[in-house]
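**Q** sequence first, predicted coordinates after that:
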Amino acid sequence: MNTDLLRSSSDKHPKPTDIAFQYGTAGFRTLGSTLDSVLYRVGVLAALRSRKLDGRTIGVMVTASHNAAQDNGVKLVDPRGEMLDGSWEAHATTLANAPTTEAFLEAVSTLIRNSQIDLSKPAHVVYARDTRPSGEELVRALEDGLKAAGAEGRDAGVTTTPVLHYLVRAINTKGTADAYGEDTQEGYYKKLGDAFKELVQGRPPLDPIIIDCANGVGAIAAEAMSSILANTLVFDLHNTSIDKEELLNNSCGADFVKTQQKSPPQLVDVLKPNQRACSFDGDADRLMYFYHDENGQFRMLDGDKIAGLVAAFIVDLVKTAGLADEISVGVVQTAYANGASTKYLSDRLPVKCVPTGVKHLHHAAERFPIGVYFEANGHGTVVFSPSTLSTLSSHQPSTPAQDRAHKHLLALTSLINQTVGDALSDMLLVEVVLSHKSYGGAEWDSLYEDLPNRLVKVSVADRSVYQTEDAERKLVSPPGLQGKIDEIVRRYEGGRSFVRPSGTEDVVRVYAEAMVRSQVDELAFTVAGLVYDSAGGDAAKRPKEFI
Ligand SMILES: CC(=O)N[C@H]1[C@@H](OP(=O)(O)O)O[C@H](CO)[C@@H](O)[C@@H]1O
Ligand SMILES: [Mg+2]
């Protein structure tokens, strides 16, 4: 690497003095206007990561997902399309926080030395951004970093996070036995589109699906997919104003639906009773379904409901294909999964609970022959292990029914974006299942009844003192607090509550559920009050709903 070039270009992207950056669950994420130096340095880091992995292509996605338009962020994608390896998250944070160019150069040399990176290896990086206006300049800073580090960059333009993950895997597997698909966006749309058409062939057409695109990049992806699917499935697209910055994720999108537990207001008059609709988030990796029942009541079909629907469908297909002895299906959830969904799934399948954050779910799901994972907030997918894929490709069905189910399983491996949660791919998957089961939203919803639940944020002086175990369901620190929470929970029928520090915001989260709505609120606000007071929170600023 050319140190002079690295030095001179680093000087053009100075680190703001007053900000400490942290590569967290969602990569780096903060105000877009503060991220210039971070993007430059991520360019250098991505080049080093690629060299460390013999020149395999690394992905960089510039997005702040469901956050407001003025935010932005960046995350790295490893060669199989998965999240950046955990050990490199710390390297990212170190590089981003070096206060000066000299300190940055020093941190780069240390990383090269400690990780034994061979600088004679080539470096390849593919990158993309969502529709945020700040993304354009941030990509230029990233390109400066790539250039300074001597990496070959490929600009995938403005696209969704899951498309970028797809491209990374497709590029790295090109020409091999496990080629993932054509390494272009068209290749992605065609792969999903062909698989969908095969899966619904011969079935009665579905009603059009209403899609809230959150005024983000999902609108572009949905538009492209819509023309490929033609009349197989009609998309009724809403919130597609990608050129109006202020509208991004504003009272719309998957996060709005999940946290507000209501329909985006723009859709309220569009939705007829029992008509199914869904929301993407700002970078189209999360999906929420919902409908209004006969009484106009909002009903949410979240990540847990998607996991239940999809897992049961895949189990049936595996059985019908005559593969039940060879392939099993497991589900991965977090502590935020509704207790009713965990019960529904555990009665049928192995279910594992892991800490919050997609990388934990993804890795746990990879341990199952077929692993279905979803966060309640709608981020998830299905992964097929290499041995399952080879069982599927060599299977010889012995009856027409087995043959049909086997073909459908194979098509599912193409329809599902196995690299990461993908709103578009997950939506097509849900539509396939609804079509096969002849379900509307109400039939799907009736698989089980969600327990009433409530999520509350508590501001504390130092959230790092909150440490957990048992997949974040129990506090081990501060000492004694868990015992007090348990005591409160015992007073509520079907009560459950846990407390953990957020990985993305400076707050502690309190989750609660119980049999009755009014009791859940009481439980959640009692626990929130306990956390606030025990952290020495200012009595004058205590939120009035806390008990
Ligand atoms: C309760 C909740 O929804 N938590 C979210 C949120 O994490 P926190 O660590 O809770 O801030 O952001 C993560 C990244 O997007 C997502 O994976 C996770 O599900
Ligand atoms: Mg997202």
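**A** That came through, no problem. Ligands and ions are numbered 1, 2, ... in the order given.

**Q** let's verify Thr413: helix, strand, or coil?
**A** helix (DSSP: H, G, I helix; E, B strand; the rest coil).

**Q** excluding chain neighbours, what is closest to His362?
**A** Glu82 (6.2 Å; CB to CB, 6 or more residues apart in numbering). (Each C-beta comes from the backbone N, C-alpha and C, glycine too.)

**Q** that neighbour contacts Leu361, correct?
**A** No - judged on CB atoms under 8 Å, Glu82 makes no contact with Leu361 at a distance of 11.3 Å.

**Q** show me what contacts the residue most central in space within the chain?
**A** Among the residues of the chain, the one closest to the centroid is His379, at 4.0 Å (CA atoms, centre = their mean). Residues near His379 by CB atoms under 8 Å, 6 or more residues apart in numbering: Asp285, Arg286, Gly303, Val358, Gly421.

**Q** please redo it, this time with the cut-off set to 6 Å
**A** Neighbouring residues of His379 by CB atoms under 6 Å, 6 or more residues apart in numbering: Arg286, Val358, Gly421.

**Q** tell me the secondary structure for the closest residue to it other than its chain neighbours?
**A** Nearest residue to His379, sequence neighbours excluded (CB to CB, 6+ apart): Gly421, at 4.0 Å. Applying three-state DSSP to Gly421 yields a three-state assignment of coil.

**Q** of Glu82 and Leu361, who's got more company?
**A** Leu361 (28 against 21; other CB atoms under 10 Å).

**Q** run the chain-centre distance for the strand or helix carrying the more buried one.
**A** Leu361 belongs to helix 358-365 when assigned by DSSP states H and E. Offset of helix 358-365 from its chain centre (CA atoms, centre = their mean, to the nearest Å): 11 Å.

**Q** what comes up buried for that helix?
**A** Val358, Lys359, His360, Leu361, His362, His363, Ala364, Ala365 (16 or more other CB atoms under 10 Å).

**Q** helix or strand right after it?
**A** Criterion used, DSSP H and E; the element after helix 358-365 is strand 370-374.

**Q** and that following strand, what does it pack onto?
**A** The helices and strands touching strand 370-374, judged by 3 or more CB pairs under 6 Å, 6 or more residues apart in numbering; DSSP states H and E, are helix 303-320, strand 329-333, helix 358-365, strand 380-384.

**Q** what sits up against the helix holding Leu361?
**A** Met83, Val332, Lys352, Val354, Gly371, Tyr373, His379, Val383.

**Q** that one close to ligand 2?
**A** No - legend: contact between helix 358-365 and ligand 2 by CB under 5 Å from the ion is lacking; minimum distance shown is 9.6 Å.

**Q** with just CA atoms, put that helix into PDB.
**A** Extracted as PDB, the C-alpha positions of helix 358-365 are listed here (Å, rounded to 0.1, in the frame of the first residue of the first chain):
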ATOM      1  CA  VAL A 358     -29.200 -10.800  13.200                       C
ATOM      2  CA  LYS A 359     -25.700 -12.200  13.300                       C
ATOM      3  CA  HIS A 360     -26.600 -14.300  16.400                       C
ATOM      4  CA  LEU A 361     -29.700 -15.600  14.800                       C
ATOM      5  CA  HIS A 362     -28.100 -16.300  11.500                       C
ATOM      6  CA  HIS A 363     -25.200 -18.300  13.000                       C
ATOM      7  CA  ALA A 364     -27.600 -20.300  15.200                       C
ATOM      8  CA  ALA A 365     -29.800 -21.100  12.200                       C
END
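
**Q** and it, average pLDDT?
**A** Average pLDDT, helix 358-365: 96.

**Q** tell me the residues of the protein that contact ligand 1?
**A** By CB under 6 Å from any ligand atom, the residues of the chain that approach ligand 1 are 25-26, 336, 356-358, 375, 377, 502-505, 509.

**Q** mind checking which of these land in helices?
**A** Under the assignment DSSP state H, the residues of the chain next to ligand 1 contribute Val358 to helices.

**Q** with respect to Gln185, which of the residues of the chain next to ligand 1 is nearest?
**A** Val358 (22.2 Å; CB to CB).

**Q** burial of the residue in the stretch 101-250 of the chain that ligand 1 sits nearest to, as a residue count?
**A** Using CB to the nearest ligand atom, Thr161 is the residue of the stretch 101-250 of the chain that sits closest to ligand 1, at 10.8 Å. Residues near Thr161, counting by other CB under 10 Å, number 30.

**Q** list the contacts for it?
**A** Thr161 neighbours (CB under 6 Å, 6+ apart): Met61, Thr63, Asp283, Asp285.

**Q** and if we set it to 10 Å?
**A** Remark: with contacts taken as CB atoms under 10 Å, 6 or more residues apart in numbering, Thr161 is in contact with 59, 61-63, 65, 75, 77, 128-130, 217-218, 281-286, 419-423.

**Q** what does Gly378 give?
**A** Per CB under 10 Å, 6+ apart, neighbours of Gly378: 66, 254-255, 257-258, 278-281, 285-289, 300-306, 421, 423, 426.

**Q** give me that answer again for 7 Å
**A** Ala254, Lys258, Arg286, Leu287, Met288, Asp302, Gly303 (CB atoms under 7 Å, 6 or more residues apart in numbering).

**Q** show me which residues of stretch 283-296 are buried.
**A** Asp283, Ala284, Asp285, Arg286, Leu287, Met288, Tyr289, Phe290, Tyr291, His292.

**Q** now swap in stretch 343-352 and tell me
**A** So for stretch 343-352, counting by 16+ other CB under 10 Å, buried means Tyr344, Leu345, Leu349, Val351, Lys352.

**Q** ok, the closest residue to Gln261 other than its chain neighbours - contacts?
**A** Of all residues not flanking Gln261 in the chain, Met300 sits nearest, at 6.1 Å (CB to CB, 6+ apart). The neighbours of Met300, taking CB under 7 Å, 6+ apart as the test, are Val257, Gln261, Met288, Phe290.

**Q** quick revisit: how much space separates the residue of the stretch 101-250 of the chain closest to ligand 1 from Arg299?
**A** According to CB to CB, to the nearest Å, Thr161 and Arg299 sit 27 Å apart.

**Q** over to Gln418?
**A** 29 Å.

**Q** do Asp18 as well
**A** 46 Å.

**Q** that older thread, type out the ChimeraX command that picks the buried ones from the residues of the chain next to ligand 1.
**A** Of these, the buried ones can be selected in ChimeraX as follows, counting by 16+ other CB under 10 Å:
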select :25,26,336,356,357,358,375,377,502,509
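
**Q** quick one: which of the residues of the chain next to ligand 1 sit in strands?
**A** Arg509 (DSSP state E).

**Q** what's the closest of the residues of the chain next to ligand 1 to ligand 2?
**A** Ala26 (8.0 Å; CB to the ion).

**Q** wait, the closest one sits on Thr504?
**A** Yes - Ala26 is in contact with Thr504 according to CB atoms under 7 Å; the separation is 5.5 Å.

**Q** residues in contact with stretch 112-124: which ones?
**A** 1, 47-48, 50-52, 54-55, 57, 149-152.

**Q** out of those, give me the two with the largest separation.
**A** So, those by CB to CB: farthest apart are Met1 and Thr57, at 18.5 Å.

**Q** neighbour count winner among these two?
**A** Neighbour count, other CB under 10 Å: between Met1 and Thr57, Thr57 has more, with 25 against 18.

**Q** so what pairs up with that one in the strands?
**A** His124 (DSSP bridges).

**Q** ok, which stretches of the stretch 101-250 of the chain are strands?
**A** Using DSSP state E, counting those that start in this stretch, the strands of the stretch 101-250 of the chain run over residues 124-129, 152-158, 209-212, 235-238.

**Q** what strands line up against the third one, and which way round?
**A** Within its sheet, and counting by DSSP bridges, strand 209-212 is paired with strand 235-238 (parallel), strand 277-280 (parallel).

**Q** keeping just the C-alphas, turn it into PDB.
**A** C-alpha atoms of strand 209-212 as PDB (Å, rounded to 0.1, in the frame of the first residue of the first chain):
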ATOM      1  CA  ILE A 209     -50.600  -7.200  -2.400                       C
ATOM      2  CA  ILE A 210     -50.400  -3.700  -1.000                       C
ATOM      3  CA  ILE A 211     -46.800  -2.700  -0.200                       C
ATOM      4  CA  ASP A 212     -45.700   0.300   1.900                       C
END
